[in-house]
Every structure is written in C-alpha cells, then in structure tokens.
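Asker: A predicted structure for the sequence below; I have some questions about it.
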Amino acid sequence: MKKMKVLALILVLALVATLFTACGKKEDVYPSKDLTLIVPWNAGGASDLIGRLLVAGMEPELGVKVSVVNTPGATGTVGMNDCMLAPHDGYTLIANATPYNHGVMGLADWSPKDWDFFAAYYVPGIIAVSKDSQYKTFEDLYNAIKANPDTVTGGTAGAGSSGFVNMEKLKAADPVFGNYKHIAYSGGAAAVTATLAGEVDFTPQLSNEMIDLLRSGDLIALAALTPEDLQLDGVDYVIPSIATFLPDTASVLPCGDAFGLMFPSDIPQDAKDKLEAAYLKACETEAAKTFASEKGVVLQAMNLEQSNKLRDETAQAVDWILFDSGVATVSPEQFGIERP
C-alpha cells in the first residue's frame, strides 16, 4: 500500500511537471499576446496611415491583434521614448519615418542604430500652396523668399520632421531657402491643413499627406522634391522636379523619407524574425499595393537588412547637414556617425 501511494505521488508530480513545462513553452512562443503600435504623431499623417495599414496586414500572420495608440509630442520623440522605456520584448512597435535625427537634435540620447527599421514606403516631398495663393508658380514663390527674408511662411510638422528636413537639405544646396519663416505644427496633416487655410504660404510636406487635396485642386503642387518630374495618379498635371528650376538642388534630391515600422534593436531574434516575416507578407497584400497608388507613394517593402542600411545612409547624409547648418545641437560623431 505504501509503495502504491509513493507511485501515485510520483505520477502526480510528473503530470504537474509536464503541464508546467507545456504551459511554459506556450508562453515562450512569440507572440503569445497582443501587440501595441505607438504612432508618435497625431492621426492622419504619413506615420499614422502607413503604420495602421501595415499592422492590419500583419495581424493574420502573427495571429494576434495590434492596438494602435497615438502619442504625439516633441517631433515624435515622446512616443519613441515610451517604446524605448517599455520592455524590449517585441510587443511594442513604433510607426514612424527613418529614425536618424532625434539624437543630433538633442531630443533623445539613443542613436539610430538603437532602432531596427522596416522601410515599407518611400514618400516624396512636394512644395505646395493653396489654390488661392498669390504664388502661381515655383518661380513666384522662390523669388518672394529671396526678396523678402523671414516673411514667406512655410508649415511643417516641426523641427526634425520630414518637411522641415526637406527645407534644410534644399538650403544646403541653395542658401535662399534659409530665408523662409518656419511655422511648426503638430503633424504633417496639420501643416497641410494650415496651408489650405492660408495660415502659411506653402508647405514642403509629403505627398500622401496632401494627395487628396492635390487631386481636388484645393492645393497646387509647384515643385516635386524628386530628381525627375513626378506624376501622381489622379492629379491631372505633371509636377516638375525642383531641379528643373534650380539645377544645384539635384545634389540633395530626393527630399522625402521612408516610412514603416521600428522597434528597439535588442529585442529577441525570434521576435525580429517573426515581425519581419509578417511585415513582408503585409507588403504583398492588395491593400498595401493600392495604398501606394492612392496615396502617391512608392512601395519599397525593404527587409530588415536593407532598411537598416538605408537608416545608416540617411543618418550620415542628413545629420551632418543639420549639424553644419546649426539646426542640430549635437555632433553626429557622438553617435558614431562619420562625416560623409
């Protein structure tokens, strides 16, 4: 009888150990719970639209839901800091453009290499005005900026945003662009709306933030910040490259940014692999392809290695422009970014 009791106890303990191990293994499989996507900008901008599209396409592959939280502030830094402070386990993602300038702008102490990046779309910059603007051509706008320093206003999503950096790159090629008066808004969509309302004279923001207004004719594109002329679906005219008017600007083109998803670079490799596979699947969906034509952007679908290479090249090229112009307060060298 005593032996039977001992044997029964052993069997019970073995069963408990088996169940515990099975449960442990289930919890260790990534992802075992829902994810959170932080959009560090207001709703409606490039980061928000692209981030929501991608995670919707990733959910079937991951087998979990991804909740989206908009946390704007400090040119995207507030939301990115929230992600960096969360556990680095792959359950908190960021939707944003290439993470290259927060450190040199003095907004954060992390470097571009602290983020792994998925570059899903390339979004070109466009210089646009309201249909009621006094500036009917790019030459009109350029000559006014040249003749009236600090008078002609341009709206962007703030220092360090894509629209702001577009102007800094143009200024590096042609100092006249330093004459405009910068007005910062809470996001790209807000800057475009301000241009439409006549609060500012122009915006150098991104194509997908203004595409519907370009199609309706409420905004007029004066110049594309691309090496070649730009034709957008639904816009009944070709947008001339800025290099057509100012050949020296060709050296800094294209002016725009890659947008997609990112996460701290030290998350577990298994999580990286599964996120990359789900992201690449999302880029193959009809929704992702349709978004490109509808929003006037280019579907890149770069993998992790390609995206991180783009991240590093962008940081090297643009951070030094920002530092040399005095906009960036911290030398790129402090983040291991060598001068080109």
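Answerer: Right, received. Where do you want to start? Numbers count the residues shown, from 1 in each chain.

Asker: residue ranges with poor pLDDT in the stretch 1-150 of the chain?
Answerer: 1-27 (pLDDT under 70).

Asker: Quick one: the strands in it, in order.
Answerer: Per DSSP state E, counting those that start in this stretch, the stretch 1-150 of the chain carries strands over the ranges 35-39, 66-70, 92-97, 115-124, 126-130.

Asker: Can you give the distance of the last one from its chain's centre?
Answerer: Right, strand 126-130. Put simply, strand 126-130 sits 20 Å off its chain's centre (C-alpha atoms, centre = their mean, to the nearest Å).

Asker: What of the second one?
Answerer: The chain centroid and the centroid of strand 66-70 are separated by 16 Å, computed with C-alpha atoms, centre = their mean.

Asker: Run through who's touching it.
Answerer: Defining contact as C-beta atoms under 8 Å, 6 or more residues apart in numbering, one finds that strand 66-70 is touched by 34-39, 41-43, 48, 51-52, 55-56, 58-59, 79, 93, 95. Bear in mind the C-beta positions are built from the backbone N, C-alpha and C, glycine included.

Asker: middle-most residue in the protein, spatially?
Answerer: Ala97 (1.6 Å; C-alpha atoms, centre = their mean).

Asker: Pairing partners for that one in the sheet, please.
Answerer: Beta bridges link Ala97 to Phe259 when assigned by DSSP bridges.

Asker: got the contact list for stretch 210-217?
Answerer: Stretch 210-217 is contacted by residues 126, 128, 131, 192, 196, 203, 219-221, 232, 234-235, 294-296 when judged by C-beta under 8 Å, 6+ apart.

Asker: Glu168 is in contact with Leu322, correct?
Answerer: Yes: between Leu322 and Glu168 there is a contact under C-beta atoms under 8 Å: 5.9 Å.

Asker: Looks like the residue nearest to the centre of the chain contacts Ala258 (just checking).
Answerer: Yes: contact criterion C-beta under 8 Å: Ala97 and Ala258 qualify, at 6.6 Å.

Asker: before we move on, the earlier item: compile the strands of the stretch 1-150 of the chain into a markdown table and extend it with columns for distance to Asn208.
Answerer: Conversion of the strands of the stretch 1-150 of the chain to a markdown table gives the following (distance: least, C-beta to C-beta, whole Å):
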| stretch | distance to Asn208 |
| --- | --- |
| strand 35-39 | 14 |
| strand 66-70 | 17 |
| strand 92-97 | 12 |
| strand 115-124 | 6 |
| strand 126-130 | 10 |
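
Asker: Of all those strands, which one is nearest Asp273?
Answerer: Comparison of the strands of the stretch 1-150 of the chain against Asp273 by C-beta to C-beta identifies strand 115-124 as nearest, at 11.4 Å.

Asker: For the closest one, which strands pair with it and how are they oriented?
Answerer: Strand 115-124 is paired, per DSSP bridges, with strand 256-264 (antiparallel), strand 298-299 (antiparallel).

Asker: returning to that earlier point: looking at the strands of the stretch 1-150 of the chain, spot the one closest to Glu284.
Answerer: Closest among those, using C-beta to C-beta: strand 115-124, at 11.3 Å.

Asker: Between strand 92-97 and that closest one, find me the angle.
Answerer: Counting by axes from the mean of the first three to the mean of the last three C-alpha atoms, to 10 degrees, strand 115-124 lies at 30 degrees to strand 92-97.

Asker: Might you report the residue contacts of Ala95?
Answerer: Going by C-beta under 8 Å, 6+ apart, Ala95 touches 37-40, 47-48, 50-52, 54-55, 68, 259-261.
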